[in-house]
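In: heads up, no residue letters with this:
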């Protein structure tokens, strides 16, 4: 038996066990090999990856150290006696090999894979294998099976609500934070909208990142439920809610790999929304040559899959295909996006009109889920709620209830990217703009990002500013600067015949 | 700047950096995310994955801890000042996405991928993605490009030798350690055979594991070269030679995933042999329904790829397709296999005849690389060398030169698996037998494994022993026992009409 020790090391969702190289209970005969072990002594054995220590101060020969993730899961005090055995290979790994070989997996196989992931029987490497193997093709029934498995056992129930709405955007377009404006309008209207939001996977800022600039988004389930009850909406970081755990583990690997397959994304979004108790969902798929979804054909194929899965799982989904040809709004990065949102809610003259119009259009679609509302009235009602200031009031109440954030500053290291020639902005490359924003530090610092002063169709003079880079950290700033000169992401048509 | 600290933790080829959660130099704002950083201060920046520590005894707020792998690579003393930045995404990851989408990658792309792997820019997750993405199909030119990239810059040169031979088996058949017998015969004959051997990837024992029971296999390049010079052969664990580093990193991930794609295997084997300076190679592909390669068609396809790559890289390869329908020899597991090998070299009556004959046949093929030898004489010469005891003498000299091992004991926990009925052994399932041996502990303890007393075609009486399980560790023993009853891996034809 070994004596349990907690090493306060956080390793991002992977369990790690540390044993001394001279440990007598478990012979470390081959340190060239990754080894998975099971640790027994708690209510259930836990799986962990072995790392070998050569320092008695970290772990002694009679001890086993567990990192924070594993220590939480084994739920035993330090000094408890535990034993270890080599972990058997997760049985569902066979299915992954079947998938690599081009087979269609059954619902039972998806369920086993997801259960093994939740039980920490998969390393991040194994999860990566699963994602890549299933990334090249999945049939519609496979997407359904994956979605069902991802929902899990813990679903939030909204008693006494016949309709629970939410909105989600598939992403790929910088800026474009309609979500928060929609939530404000819907809350003011009175439909319950428990919005689950994620931090960014690959973009400059996720909805959770942007709203975190205004309010605390890391709220627990009880707070989430009470705020929705009292204010009709809340915007919570879903990582802090006890739902769809496997989705989170997969997202962590996807984020690292920078690999987002649309079918995984669809399954993951629907699973989270269903687990959050949503009954009616508006899903925005922006289409554009530099967006995530590049063609209408691709968007239609995805729409069919989502509608099928939604129908099978009894969630009402209104898929809206929108224009994703250029960034939406001016700000890109959490603080700059929050600024745009507040301008719109405050009915400022300089509020970005594209973000305003898109938000009203989509909020209208959400409102039309209400059987009480006359068909086609959604947009008009949404606009009235916004212009009257009721949306701003509703959002302020939600911010107050979640906990107002100390608004961070916009990055003070700035550079204006100017037009090399006079003409008309012909196109803005979403992917390029996102990349420059990420390099400027947007994923690490909410105040970093880009502020777009010109959009497609705008006339510019040579030397006039197209956009401004904002950084907090000088290394990021230098990095963004070194890259932007090669390609600004803007194309200017100098003939002016746009 | 942060002060460098070595944490004596070995993490199996991945670089890990530990920083305190309150570190002021690098803001840890999102511990839900896997983060790759670059650490500057050494001659070249090194990449590492970040883990967050909440214990001043492990690292303080002004320190950065590096695990043993990373500390070796940065090559700076403890206390040195270093700085960290977010690591850019490895550029070649784009190619992996292209491969997932079904594209054929260029030689330049393979070269970039392998360079990024060697520079530790890939996490194990990224390597897993690469293996899975390229696992479903690779064109022959892609296998060539991968092989060339894997060879790397460091190649062992054998001055004054016009022919440098080696032998390799593609695996999939338990027992079957012809390699060591072949090396003994070839050494006695006088051709130089610098055999690079690997520890087991998925089997009960690799050639390096089996020979480590007799001699020290973890020898360095100088010793390897001098032993081959003086004794004409040596058998070295290639992990201890400074060649084909990327192959080792890939093998570590493959081993963990239990995922061996034949095209990766072919590229990896050829790269290691070429980097070891081999000019003439006999490659054994055992074919059988429960072996790695299941059909002659598959073996032929692989043979063509290997011959093409060999021709392009100017290594002479004699691919031999052999019978892989059942285990070869009696012992399975390092100690039991070494016992069989010594019985054969000592010309014992109870030496396994199948292993003996196969070894002579293959040794003959290796000897025929010698232009001095008359065509077709290889087998006869090999047999004469073996029966005269010259092969035994040659191997004993090699063992003495490498350093004789303290031979471990055969596992004392035993169980006889007996025939449920009388009849004739109709088939033995390689994969099943390997699995039972692995469960019995063969990959962890050289003395664990199986001893096959009956082979295909043998008559057995009900209750007679088919094979014996040997374990060192009682947990492994219980595990093997719990599994063997479901399926022993033997099929007995009770009618006797074999």
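Out: Great, that's in hand. All figures in this text were calculated on a predicted structure; none of them were measured in a lab.
In: what is the rounded mean pLDDT of the helix or strand hosting residue A:168?
Out: For residue A:168, the host element (DSSP states H and E) is strand A:165-169. For strand A:165-169, the mean pLDDT works out to 97.
In: buried stuff in stretch A:392-407?
Out: Neighbour counts using 16 or more other Cβ atoms under 10 Å in any protein chain shown place A:392, A:394, A:395, A:396, A:397, A:398, A:399, A:401, A:402, A:405 of stretch A:392-407 among the buried residues. Every C-beta, even on glycine, is put in place using the N, C-alpha and C of the backbone.
In: Then the third one would be within a helix, right?
Out: Yes. The assignment for residue A:395 (DSSP: H, G, I helix; E, B strand; the rest coil) places it in a helix.
In: Now that it has come up, it's in contact with residue A:187, right?
Out: Yes. Counting by Cβ atoms under 8 Å, residue A:395 touches residue A:187, with 7.3 Å between them.
In: Next secondary structure element downstream of the lowest-mean-pLDDT helix or strand in chain A?
Out: Of all helical and strand segments in chain A, the minimum by mean pLDDT, DSSP states H and E falls on helix A:245-257, at a mean of 85. Later in the chain than helix A:245-257, the nearest helix or strand by DSSP H and E is helix A:262-275.
In: and the next helix or strand after that following helix, what's its mean pLDDT?
Out: On the C-terminal side of helix A:262-275, the closest following helix or strand by DSSP H and E is strand A:280-287. Average pLDDT, strand A:280-287: 97.
In: Span of stretch A:319-338 from start to end?
Out: In stretch A:319-338, first residue to last residue: 25 Å (Cα to Cα, to the nearest Å).
In: Next one: residue A:488, what pLDDT does it get?
Out: Reported pLDDT for residue A:488: 95.
In: Now do the contacts for the residue lying closest to it once chain neighbours are set aside.
Out: The spatially closest residue to residue A:488, leaving aside those adjacent along the chain, is residue A:417, at 5.3 Å (Cβ to Cβ, 6 or more residues apart in numbering or on different chains). For residue A:417, the contact set (Cβ atoms under 8 Å, 6 or more residues apart in numbering or on different chains) comprises A:465, A:466, A:467, A:468, A:469, A:484, A:488, A:490.
In: Which of the residues you listed has the largest number of neighbours?
Out: residue A:467 (27 neighbours; other Cβ atoms under 10 Å in any protein chain shown).
In: Residue A:336 versus that residue, what's the distance?
Out: 10 Å (Cβ to Cβ, to the nearest Å).
In: what sits in contact with each of those two?
Out: By Cβ under 8 Å, 6+ apart, the residues touching both residue A:467 and residue A:336 are A:450, A:451.
In: So which residues on the stretch 101-250 of chain A come close to chain B?
Out: Listed as neighbours of chain B in the stretch 101-250 of chain A under the rule Cβ under 8 Å from any Cβ of the partner chain: A:101-102, A:123-129, A:131-133, A:135-136, A:199, A:239, A:248.
In: Please repeat the previous calculation with a cut-off of 7 Å.
Out: Proximity of the stretch 101-250 of chain A to chain B (Cβ under 7 Å from any Cβ of the partner chain) is limited to residues A:102, A:123-126, A:128-129, A:132-133, A:135-136, A:199, A:239.
In: Quick check: closest non-adjacent residue to the residue nearest the centre of chain A.
Out: Central residue of chain A (Cα atoms, centre = their mean): residue A:198, 3.4 Å from the mean position. Among residues not flanking residue A:198 along the chain, residue A:206 sits closest, at 5.0 Å (Cβ to Cβ, 6+ apart).
In: What is the neighbour count of that neighbour?
Out: Residue A:206 has 22 nearby residues by other Cβ under 10 Å.
In: just so I have it, where are all the strands in the stretch 301-450 of chain A?
Out: Using DSSP state E, counting those that start in this stretch, the strands of the stretch 301-450 of chain A run over A:316-323, A:331-332, A:413-418, A:423-428, A:449-452.
In: Need the residues that contact the second one.
Out: Translated: strand A:331-332. Strand A:331-332 has contacts (Cβ atoms under 7 Å, 6 or more residues apart in numbering or on different chains) with A:174, A:175, A:204, A:337, A:339, A:340, A:433, A:437, A:449, A:450, A:451, A:452.
In: want to throw the residues you listed into CSV with neighbour count?
Out: Below are the contacts of strand A:331-332 laid out as CSV (neighbours: other Cβ atoms under 10 Å in any protein chain shown):
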residue, neighbour count
A:174, 35
A:175, 30
A:204, 30
A:337, 29
A:339, 19
A:340, 26
A:433, 24
A:437, 29
A:449, 33
A:450, 29
A:451, 21
A:452, 28
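In: Of these, which one scores lowest on pLDDT?
Out: Scoring the contacts of strand A:331-332 by pLDDT puts residue A:204 last, at 93.
In: Now the two most distant members of the contacts of strand A:331-332.
Out: Across the contacts of strand A:331-332, the longest distance by Cβ to Cβ is 17.2 Å; it joins A:339 and A:433.
In: quick revisit: filter the residues of the stretch 101-250 of chain A next to chain B to the buried ones?
Out: Buried by 16+ other Cβ under 10 Å: A:123, A:124, A:125, A:126, A:128, A:129, A:132, A:133, A:135, A:136, A:199, A:239, out of these.
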